[in-house]
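Student: the following block contains a protein sequence and its predicted model.
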Amino acid sequence: MKQIDAEILEIEPAAKNIFRLTLKAPGIAEAAAPGQFVMIRPVSALDPLLPRPFSLHDWSGSQGTIIILFRVVGKSTRILAKSRHGQKLQVVGPLGKGFDITSAENVCLVGGGIGIAPLLGLAKQLLKTDTKREISVLLGGSSGAELAPLAEYFDIPGLAVVLATDDGTLGHHGVITDLMANHLARSSDWLVLACGPMPMLKAVSYLCRKNGWPCQVALETAMACGMGVCMGCAVKSAADSGNKGYLHVCKDGPVFWESDVAW
Amino acid sequence: MKQIDAEILEIEPAAKNIFRLTLKAPGIAEAAAPGQFVMIRPVSALDPLLPRPFSLHDWSGSQGTIIILFRVVGKSTRILAKSRHGQKLQVVGPLGKGFDITSAENVCLVGGGIGIAPLLGLAKQLLKTDTKREISVLLGGSSGAELAPLAEYFDIPGLAVVLATDDGTLGHHGVITDLMANHLARSSDWLVLACGPMPMLKAVSYLCRKNGWPCQVALETAMACGMGVCMGCAVKSAADSGNKGYLHVCKDGPVFWESDVAW
Amino acid sequence: MVRDKPDLQVKIRELVLKNPVLTASGTFGYGRELASLVDPVRLGAVIVKGISLQSRAGNPPPRIVETPCGMLNAIGLENIGVEKFINEKLPFLRESGACVIVNILGDSVEEYGQLAEILDNVPGIHAVEVNISCPNVKQGGVAFGIDPEAARRVTAEVRKKCRLPVIIKLSPNVTDITSIARAAEDGGADAVSLINTIQGMAIDIQTRRPRLANVIGGLSGPAIKPVAVRMVWQTTNAVSIPVMGIGGITTPGDALEFLIAGASAVQIGTGNFINPKATIHVLEGIEKYLLEHEMNSIHELIGSLND
Amino acid sequence: MVRDKPDLQVKIRELVLKNPVLTASGTFGYGRELASLVDPVRLGAVIVKGISLQSRAGNPPPRIVETPCGMLNAIGLENIGVEKFINEKLPFLRESGACVIVNILGDSVEEYGQLAEILDNVPGIHAVEVNISCPNVKQGGVAFGIDPEAARRVTAEVRKKCRLPVIIKLSPNVTDITSIARAAEDGGADAVSLINTIQGMAIDIQTRRPRLANVIGGLSGPAIKPVAVRMVWQTTNAVSIPVMGIGGITTPGDALEFLIAGASAVQIGTGNFINPKATIHVLEGIEKYLLEHEMNSIHELIGSLND
Ligand SMILES: Cc1cc2nc3c(=O)[nH]c(=O)nc-3n(C[C@H](O)[C@H](O)[C@H](O)COP(=O)(O)OP(=O)(O)OC[C@H]3O[C@@H](n4cnc5c(N)ncnc54)[C@H](O)[C@@H]3O)c2cc1C
Ligand SMILES: Cc1cc2nc3c(=O)[nH]c(=O)nc-3n(C[C@H](O)[C@H](O)[C@H](O)COP(=O)(O)OP(=O)(O)OC[C@H]3O[C@@H](n4cnc5c(N)ncnc54)[C@H](O)[C@@H]3O)c2cc1C
Ligand SMILES: Cc1cc2nc3c(=O)[nH]c(=O)nc-3n(C[C@H](O)[C@H](O)[C@H](O)COP(=O)(O)O)c2cc1C
Ligand SMILES: Cc1cc2nc3c(=O)[nH]c(=O)nc-3n(C[C@H](O)[C@H](O)[C@H](O)COP(=O)(O)O)c2cc1C
Ligand code: FES
Ligand code: FES
């Protein structure tokens, strides 16, 4: 874990209300793993006060750069969207426990909305580690306008990308879990790795249990520290997960085995 | 008094640590008078919280523009210095009671440091209203590097500009009050109009009393509202000024007759 | 079916406020200063700067200092006195047609009573707000606000001396604000308003002097909003009279928090300094919210917290 | 003549802190989490997350929400219990050589006593800080912190059960914090630390639900600094034992305010979240200030307010 004042190398609109931020982050980039995140503080003033968590979308250890994909939802992201090349941001990371892909055979990545962000770095990692395995990438969004630009990032040989939108303007008209059902049915040995809004993750986890697919989910909660000291990022753990009580998204996660979470 | 979101037309360095800010401020520019000020809020976030007072350095009613000359001393001025052309700032004004130059014969403007700011608009006004009168402009600063660029603004026919610096790198080596003594001695019917740090104003007012020159001073205090509602900008009033108690810089001033202030 | 204009009226005893957005005492002067920016008639009411029997010069400067998302003030209740207020300041507000609530303060129960008696017979005054809580005056103020029995006595005295609706303004500098609120209710208050400022202090590390001549001042502004919302919620659950919410309101969302917590109205103080048009901004935002949420009346919102 | 390194040592009874910068309980975990950014040995002491006899699961989420220049937390004192702490967490700190202060909490006087007794015989623990004030737990905590007699009893019990220096951590949610501080002093406390969080609340205006599952939480961060400085100043004038200042410290200037007000040391809490290296930043800033002001010892600064 490193804390640096990272210089903005590039900030560009990626899709409607979504931006792509490239930072010079030596020390963080080298240590990054898929599913991990960083805490970013865009101001020196005291409002907004707390840093904000953002998944590592992509990174290059050799160049010492990391890339964040973020949606503008409030104070800090509004400020981030206005930030400019050359400015510096306080960045701490890499943080948290990422995806466990050691024992992965065929893998299905499921992303919804901005939850697509961490899947790119994950997909690239998977392509590196094992060339034989099948990698399906199921991406969902509200509309084509939002989804198309994000989907393009996955236009990489070796990835089978399938899309779905709520309004049907791109790919399947409906939710991503519809696709999972028919798509994964073909074979049974899938490791499902999902990131997106809670309702989607819930549906994915339900589907995986039913079909006996092992599944990992990347969760989001409000965070104060991001480093396991404030205990603010608690989520209820599954009674049968051994751990009675709460899991902490910033240090036990953000990626959990679906079976460890109380849905 | 108007409240507007004023667009920044220009922001440029004027001297060491001092910036010149031109704003599109229709409604305010037309109503502006020498010695008045505006309250400016450079952010939408809540830190810094309160707007800050700045004297009107110059303005054009016809173009609906106002110009502020500010020194970077803290939070808001640091942010202002980083602001860019096209941005908008919350501006309220014009505020306060300016210089009373109705009955002025010969006038001596005395400015120290950033207190020079309001004297430009004042000088221009004086040149408009009466061409016969003599107008001396005595400007003091810490060094030539700071003072020279500000003095240039007063390079206008009809103004007799005299300079002094603490380090002697420009003009008289010493404080501005030294110059007042010899400079004004020649004649006795002077109206002295001064703006600058408290110690300077104190010295000026003392000198004026001694020589029987009527004198007005522009004071500075911390302000919350700038509009006469919070009572935060109090300064002790002279016992003999009739008003027992306190004067309020934002509405009784910022310009006062030296004799009304308790020094 | 939703009306295009939701009903914003709230009542304090028989006094009808046309909407729940008021100015907090000491932050809007006597209504005239900001009239060119905010028409006092548009507001639920204008609560004027605290008035005492005799005029007060107030504390020596410095009187104010900014703190993180807040400010400290030690004005010392500077005011022109009730006489001058009635003769010089009230007429403008009366002619404007605004609803006027006069904030009063005194050094003794009797003084509060005398003020109430004087104001009771003055046309153009719609209610009195009793400041038993201003923390930055060494004598007076504080004592009443932190002792239930004293609060009850002041309330009863004011109640006895005037027929106007009486609003008791509570101090947050107490262990249990609900006990003071209940005491005010027992004393005959028609409403309570809270919170006044929280006692605070700031130090200039260069001079090693307090930043306020009075050393201690009252903290106000967004910084105190969470404390204010909490106390308003606790108080609305403890008394049956209307509660006015005060503390750190600068946006419609801030005001809505207080209303949802149970406040019948809100007062905007420091917010007026941050944005002189804050009251109008908040008022229009509340109206918009009610329309978006298809509420016909502000009363559907007040106290609607799902806890 | 000024030394190139000013003396930063402060004492709590016989315990010598190498410098006056400590971490506040619940904001620095057990010292290990941030060790890669902040070497615990550099700090005056590490005060660990509050520990109880049995482990506690804590409150349901959401547990935290940001407010203007502050945050509300309702963690619910989640902790692994004293047993596990000693076996699993303490060893790292002990081996690191850091000064360790254990923050304890209980539901009864006896429980506080039992915790003190257990910790008293454990090597590597240098002092106990007694949390009688954490506001976001429905039972326990609060009661002791707002009642002088209860505070005195807890203090006396802990005092009796251990020989370690005892620091009583005070709640700001009281009318007069000096009365609680004096009670702690009477009970035998070696120092008091303040402030803990101020009770607050925030509401989501869209769902109209409290933003914390616990409804009420504790406000911390820069927003509360003026209240904390005021209470520390009042307390240092009321007791003769050392006072530790806590509340909204993020910069050296913030810490210096507390020291000038009379605090013998400071604790940094929320500041660790804003900048994980805040403690080091503050420590180095204090040292720089002393050099610039030609002070040989921190004791020339402590309580040097010109009021
Ligand atoms: C481990 C982790 C990884 C994340 N990765 C990413 C990422 O890669 N890209 C990205 O854009 N975001 C990501 N997020 C979410 C991101 O942290 C929030 O969107 C951000 O904190 C919002 O900050 P803000 O100041 O702009 O909004 P705030 O001002 O803090 O909040 C404004 C409004 O947005 C709401 N809000 C807060 N968080 C979220 C959220 N997660 N989604 C929707 N609304 C929210 C708040 O409730 C509030 O109503 C991640 C979160 C976590 C915990
Ligand atoms: C009527 C009036 C007219 C003014 N006109 C001008 C002007 O034309 N140009 C200009 O540059 N300034 C002017 N000022 C001063 C200006 O308002 C302050 O410099 C400004 O408020 C500082 O804001 P800040 O947030 O940058 O500093 P803050 O963060 O508020 O303060 C930072 C530090 O600067 C100190 N400080 C605050 N005010 C001053 C000050 N006046 N001088 C020096 N140090 C200060 C504070 O004590 C603090 O230590 C005027 C003030 C008044 C009352
Ligand atoms: C400058 C100033 C002056 C005030 N004067 C008074 C007063 O005279 N009487 C009173 O009851 N409250 C007074 N208050 C308290 C406010 O009315 C209000 O209760 C408090 O500031 C909290 O609200 P806010 O955060 O919106 O400012 C004053 C507050 C400020 C900032
Ligand atoms: C997330 C969080 C957890 C806390 N946990 C504890 C605790 O376990 N015991 C305790 O005495 N204080 C606890 N506190 C209070 C802090 O130690 C400190 O007193 C308070 O936050 C004020 O300081 P600050 O403004 O620097 O954060 C906690 C504070 C926060 C923000
Ligand atoms: S965010 Fe602090 S423990 Fe997870
Ligand atoms: S600044 Fe508010 S009255 Fe002058």
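Tutor: On my side now, so go ahead. Ligands and ions are numbered 1, 2, ... in the order given.
Student: and residue A:203, that one's in a helix?
Tutor: Yes: under DSSP: H, G, I helix; E, B strand; the rest coil, residue A:203 falls within a helix.
Student: so is the closest residue to it other than its chain neighbours in a helix, a strand, or just coil?
Tutor: Nearest residue to residue A:203 in three dimensions, chain neighbours excluded: residue A:177, at 4.5 Å (Cβ to Cβ, 6 or more residues apart in numbering or on different chains). Just so you know, the C-beta spots here come from the backbone N, C-alpha and C atoms, and that holds for glycine as well. With three-state DSSP as the basis, residue A:177 sits in helix.
Student: likewise residue A:132?
Tutor: Relying on three-state DSSP, one would call residue A:132 coil.
Student: do residue A:199 as well
Tutor: Put simply, residue A:199 is helix when judged by three-state DSSP.
Student: stretch C:202-217: end-to-end distance?
Tutor: 9 Å (Cα to Cα, to the nearest Å).
Student: quick one: mean pLDDT over stretch C:281-290.
Tutor: Stretch C:281-290 shows a mean pLDDT of 98 in the predicted model.
Student: ok, now how distant is residue A:249 from ligand 3?
Tutor: 34 Å (Cβ to the nearest ligand atom, to the nearest Å).
Student: what number of residues lie near the nearest residue to residue A:100 once chain neighbours are set aside?
Tutor: Leaving aside its chain neighbours, residue A:100 sits nearest to residue A:216 (6.5 Å; criterion: Cβ to Cβ, 6+ apart). By the measure other Cβ atoms under 10 Å in any protein chain shown, the count of residues near residue A:216 is 25.
Student: so what's residue A:216 bridging to?
Tutor: Beta bridges link residue A:216 to residue A:193, residue A:257, judged by DSSP bridges.
Student: show me what contacts it?
Tutor: A:99-100, A:191-194, A:255-258 (Cβ atoms under 8 Å, 6 or more residues apart in numbering or on different chains).
Student: name the nearest of these relative to chain B.
Tutor: Closest approach to chain B among the contacts of residue A:216 (Cβ to the nearest Cβ): residue A:255, at 32.8 Å.
Student: am I right that that closest one is in a strand?
Tutor: Yes: counting by three-state DSSP, residue A:255 is located in a strand.
Student: please, where are all the helices along the stretch 201-307 of chain C?
Tutor: C:225-236, C:252-261, C:271-274, C:278-292 (DSSP state H, counting those that start in this stretch).
Student: ok, now which ones touch residue A:153?
Tutor: The contact partners of residue A:153, taken as Cβ under 8 Å, 6+ apart, are A:58, A:120.
Student: for residue A:20, see how far away it is.
Tutor: Between residue A:153 and residue A:20 the distance is 9 Å, computed by Cβ to Cβ, to the nearest Å.
Student: looking at the chain, which helix or strand is least sure?
Tutor: Using chain A here. Lowest on mean pLDDT, DSSP states H and E among the helices and strands of chain A sits helix A:176-185, with a mean of 82.
Student: oops, I was thinking of chain C
Tutor: That would be, for chain C by mean pLDDT, DSSP H and E, helix C:142-146 at a mean of 78.
Student: next helix or strand past it?
Tutor: Later in the chain than helix C:142-146, the nearest helix or strand by DSSP states H and E is helix C:148-161.
Student: buried residues of that following helix, list them for me.
Tutor: C:148, C:150-159, C:161 (16 or more other Cβ atoms under 10 Å in any protein chain shown).
Student: and the closest residue in space to residue A:18 that isn't next to it in sequence, what does it touch?
Tutor: Excluding the flanking residues, the one nearest residue A:18 by Cβ to Cβ, 6+ apart is residue A:71, at 5.0 Å. Applying Cβ under 8 Å, 6+ apart to residue A:71 gives the contacts A:17-18, A:77, A:113-114.
Student: do you know how far the residue of chain C found nearest chain A is from residue C:213?
Tutor: In chain C, the residue that lies nearest chain A is residue C:68 (5.0 Å; Cβ to the nearest Cβ). Per Cβ to Cβ, residue C:68 is found 21 Å from residue C:213.
Student: same drill for the two, tell me which one is more crowded.
Tutor: residue C:68 (28 against 16).
Student: confidence score at that one?
Tutor: The model's pLDDT for residue C:68 equals 98.
Student: now do the contacts for it.
Tutor: By Cβ under 8 Å, 6+ apart, the residues touching residue C:68 are A:46, B:47, C:223, D:69-70, D:221-223, D:225, D:248.
Student: what's the mean pLDDT across the helix or strand hosting residue A:19?
Tutor: According to DSSP H and E, residue A:19 maps onto strand A:18-24. For strand A:18-24, the mean pLDDT works out to 98.
Student: downstream of it, the next helix or strand is which one?
Tutor: Scanning onward from strand A:18-24 (DSSP H and E), the first element met is helix A:28-31.
Student: report all helices and strands that that following helix contacts.
Tutor: Counting contacts by 3 or more Cβ pairs under 8 Å, 6 or more residues apart in numbering or on different chains; DSSP states H and E, helix A:28-31 is packed against strand A:2-15, strand A:58-60, strand A:65-71, strand A:88-95.
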